[in-house]
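Engineer: Predicted model follows, preceded by the sequence.
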Amino acid sequence: MSHTTANAPVGAVSILRFVDAVLNFVNKISAGKELRATRRALYALSDEQLTDIGVTRADIANI
């Protein structure tokens, strides 16, 4: 049985790592925006509404 290995073209791994790093950065930015929007929406709720969903104002910063 013959065993072959496939080699990636020169630079392909570096390009893959770069693209992966850019995508990770974009995902972190997006997650941060979503987190801020969630906190903003929760802060806009009344204390009664927060109680209804089981959250206190102090909890919002930890979300």
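Structural biologist: All right, it came through fine.
Engineer: Which parts of this structure are helices?
Structural biologist: 12-44, 47-52, 57-60 (DSSP state H).
Engineer: Now mean neighbour count and mean pLDDT too, for these, in TSV please.
Structural biologist: (C-beta placed from N, C-alpha, C; glycine too.) Formatted as TSV, the helices of the chain follow (neighbours: other CB atoms under 10 Å; pLDDT from 0 to 100):
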stretch	mean neighbour count	mean pLDDT
helix 12-44	10	97
helix 47-52	11	97
helix 57-60	12	96
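Engineer: measure residue 41 to residue 11 for me?
Structural biologist: 45 Å (CB to CB, to the nearest Å).
Engineer: Check residue 55 too.
Structural biologist: Look at residue 55 and residue 11: by CB to CB, they are 50 Å apart.
Engineer: quick one, what contacts the closest residue to residue 61 other than its chain neighbours?
Structural biologist: Excluding the flanking residues, the one nearest residue 61 by CB to CB, 6 or more residues apart in numbering is residue 39, at 7.7 Å. Contact analysis of residue 39 by CB atoms under 8 Å, 6 or more residues apart in numbering lists 60, 61, 63.
Engineer: Which of those residues lies at the shortest distance from residue 15?
Structural biologist: Residue 15 has its nearest neighbour among the contacts of residue 39 in residue 63, at 36.9 Å by CB to CB.
Engineer: quick one: that closest one and residue 21, what's the gap?
Structural biologist: 27 Å.
Engineer: do the same with residue 37
Structural biologist: In terms of CB to CB, residue 37 sits 25 Å off from residue 21.
Engineer: Equivalent analysis for residue 52, please.
Structural biologist: 42 Å.
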